[in-house]
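[1] what's the 3D shape of this:
(chains A and B, ligands or ions: 2)
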Amino acid sequence: MRGEQGQGTARTSPVSRPAASSSAAGPASRRALLPRLLVLLLTLAVWQAVARAHGSVYFPPPSRVAGRAHALWFSGPVRHLFLTDAAVGNVLPSLGRMAAGFGIAVVCGIGLGVAVGRSRWAYALCNPVLQFARAVPPPALVPVFVVVLDFGTPMQITAIAFSAVWPVLINTAEGVRNTDPLRLDVAAVLRLHPVERLRFLLLPSAMPRIFAGLRLSLSLSLILMVFSELLPGTADGIGFTLTDAQSRSDLLTVWAALLLLGVLGYVLNTVLLAVERRLLGRGRTTA
Amino acid sequence: MTLRLDALGQRYGDHPVLRDITLTVPDGQLLCVVGPSGCGKSTLLRTVAGLRPAREGTVTLDGTPVTGVPDHLAVVFQDYGRSLFPWLTVRDNVALPLRRRGLARAERRAEAERILERVGLDGAARRHPWQLSGGMQQRVAIARALVCRPSLLLMDEPFGSLDAQTREDLEDLLLEVHRTENTTILLVTHDIDESVYVGDRVVVLSSGPGARVVLDLPVELPGKRDQITTRGLPEFVALRARVGRAVRGA
Ligand SMILES: Nc1ncnc2c1ncn2[C@@H]1O[C@H](COP(=O)(O)OP(=O)(O)O)[C@@H](O)[C@H]1O
Ligand SMILES: [Mg+2]
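    Ligands and ions are numbered 1, 2, ... in the order given. Below is the predicted model of the structure:
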């Protein structure tokens, strides 16, 4: 779950990056694309063949799962971008809650992380608490939020934000704390204002760590989004689709929802990696 | 700006670095500091820059004690490559000190490009520091220090990575800036020839621990300085020998 799906990009600091980084990333990933695609297709083919041979209702072949997913969510009218009412009623609310929770986590995580990372005593003081907060499995906290906030969107957003905030916060603090002391001297000699120092020094030099935190937070957001929708009292969402289908023993829909979640997680992570590559690969032009 | 060091002492923990340094650098003087490596030259510059408080004695600028980083100061750090911001282009690195002067963005960029041209880097303005050679990075660091026309300029071995030709060009650029803008300059170097060629005065520090001033030599050379003729003058050769003996004996 703590996926390290792109460690290479996060760790390399812009300093050590070779000159032709942006063009080097292209062919390398394209070369790896073919084998990866082959493995994916092979897995699907084996799954399809085995499921067909068994004919079990519990493990339908991927072609039927995909067909159900299409029928459920993507067979709508053109003017709704092919989205069905079920997609609008279940997928979009899920995504909205996830975006809200993740967004709050990012803003609070980076803000608090900078504050904690800048001050030696704040870091020493907060570090045990942060390590503790990170060690608690996030879904275990959901019952607390249910009691405090009752069921519904505010509780779900809070659960997502509260779980996703720690990796961003801890990584931002760590990144800011490790700012090169010589560069802090440079900022002092250049008499940069605190805001300028944040913009031109602290955030850019912490950026690789911040993105490492963002990737963890993103996958936690997806997990908490589904988990908070599995609880009774939920009226919509992908998680609700899962429990609802399960109660009707509609396993094909369960599998379709799982497929959707997998694709969603993959797409979101890819988007984040693209943003990261854009921000870290080339320097930005601001001064 | 007149810089006064009065019985300055500096140490790292229990390790003494500088001892009883007393110096007055009058407004507009170019003072070269020479000494064996590890004797505390960089520490001296960091103390003058207000980055490290003096352990003993005082540092004053125009009579005001230095407690933090003074205004109108620029520094070329010895570790020039690390001192640049790799996420900014060369031009944006050089334009960064101009923010405190409240110039508009276009003006900042124009100023940065002007100074980059003077250090021979006009072609590299849009590249990033990590795409440049060591010598080019060193010139970016020099350009960033010169761009805001400081009244006190501290340079820590600023020409160390340059080839002979570029080094001579930049020595002459520094002399020109010094002449036209009356900047007070403290230049640390391990090159004895260079110290005599660019300096109005050369100070030699003894080897540590607890380095002190062993030679304080005014450089009086006839005529305008010129790379070929000045270095051939008998006065130049004599001064260079005195500095060399002091460094060797230190
Ligand atoms: N941050 C530091 N902590 C402890 N000792 C240091 C530190 N910086 C320099 N020193 C020591 O202080 C002495 C002088 O260093 P420095 O000023 O860099 O010398 P120089 O610039 O003349 O080569 C050296 O012995 C060095 O090992
Ligand atoms: Mg040094």
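
[2] give the contact list for A:Arg64.
    A:Leu252 (CB atoms under 8 Å, 6 or more residues apart in numbering or on different chains). In short, each C-beta sits where N, CA and C put it, glycine included.

[3] and it, what pLDDT?
    Turning to A:Arg64, the model gives it a pLDDT of 88.

[4] cool, and the one 3 residues further on?
    Among the per-residue scores, A:Gly67 holds a pLDDT of 90.

[5] quick one: secondary structure of it?
    Of the three states, A:Gly67 takes helix according to DSSP: H, G, I helix; E, B strand; the rest coil.

[6] for B:Leu103, same thing?
    Classification of B:Leu103 using three-state DSSP returns coil.

[7] Report the secondary structure element holding the nearest residue to it once chain neighbours are set aside.
    Counting by CB to CB, 6 or more residues apart in numbering or on different chains, the nearest residue to B:Leu103 once its immediate chain neighbours are dropped is B:Glu111, at 7.1 Å. Assignment of secondary structure by DSSP states H and E places B:Glu111 within helix B:105-118.

[8] How many neighbouring residues does the residue of chain B found nearest ligand 2 have?
    Proximity of chain B to ligand 2 (CB to the ion) peaks at B:Ser42, 3.2 Å away. Using other CB atoms under 10 Å in any protein chain shown, B:Ser42 has 19 other residues around it.

[9] thinking it is in contact with B:Met155, fair?
    No - in this structure, B:Ser42 is not within contact of B:Met155 by CB atoms under 8 Å, at 11.1 Å.

[10] overlap in contacts of these two?
    Residues touching both B:Ser42 and B:Met155 (CB under 8 Å, 6+ apart): B:Val188.

[11] Would you map the helices across the chain?
    Answering for chain A, as no chain was given. Listed in chain order, the helices of chain A (DSSP state H) span A:7-11, A:21-54, A:62-73, A:85-86, A:92-118, A:120-135, A:142-149, A:153-177, A:181-189, A:194-197, A:203-230, A:238-247, A:251-281.

[12] could you do chain B instead?
    Listed from the start of the chain, chain B has helices (DSSP H) covering B:41-48, B:80-83, B:90-95, B:105-118, B:134-146, B:164-181, B:192-198, B:229-232, B:234-249.

[13] most neighbours per residue, which of the ones you listed?
    Mean neighbour counts were compared across the helices of chain B using mean count of other CB atoms under 10 Å in any protein chain shown; the top stretch is helix B:90-95, at a mean of 28.

[14] In the chain, where is pLDDT below threshold?
    This is for chain A. A:1-31, A:282-287 (pLDDT under 70).

[15] um, chain B though
    Under the criterion of pLDDT under 70, the regions of chain B flagged as low confidence span B:250.

[16] tell me which parts of it are close to ligand 2?
    For chain B, the residues in contact with ligand 2 under the definition CB under 5 Å from the ion are B:Ser42, B:Gln78.

[17] residue of chain B with the smallest distance to chain A?
    Checking chain B residue by residue against chain A with CB to the nearest CB singles out B:Asp92 as nearest, at 3.4 Å.

[18] In chain B, which residue is most central in space?
    Centrality entry for chain B: nearest residue to the mean C-alpha point is B:Met155, 1.8 Å, by CA atoms, centre = their mean.

[19] does that one have beta-bridge partners, and which?
    Partner residues in beta bridges with B:Met155: B:Val76, B:Leu187, with DSSP bridges as the criterion.

[20] measure it to B:Ile142 for me?
    The gap separating B:Met155 from B:Ile142 is 8 Å, by CB to CB, to the nearest Å.

[21] got any residues that touch both of those two?
    B:Val76.

[22] neighbouring contacts of stretch B:98-108?
    The list of residues contacting stretch B:98-108 from outside it, by CB under 8 Å, 6+ apart, reads A:Leu190, A:Arg191, A:Leu192, A:Glu196, A:Ala287, B:Ala95, B:Glu111, B:Ala112, B:Val147, B:Cys148.

[23] what about it, how long is it end to end?
    Terminal residues of stretch B:98-108 lie 6 Å apart, using CA to CA, to the nearest Å.
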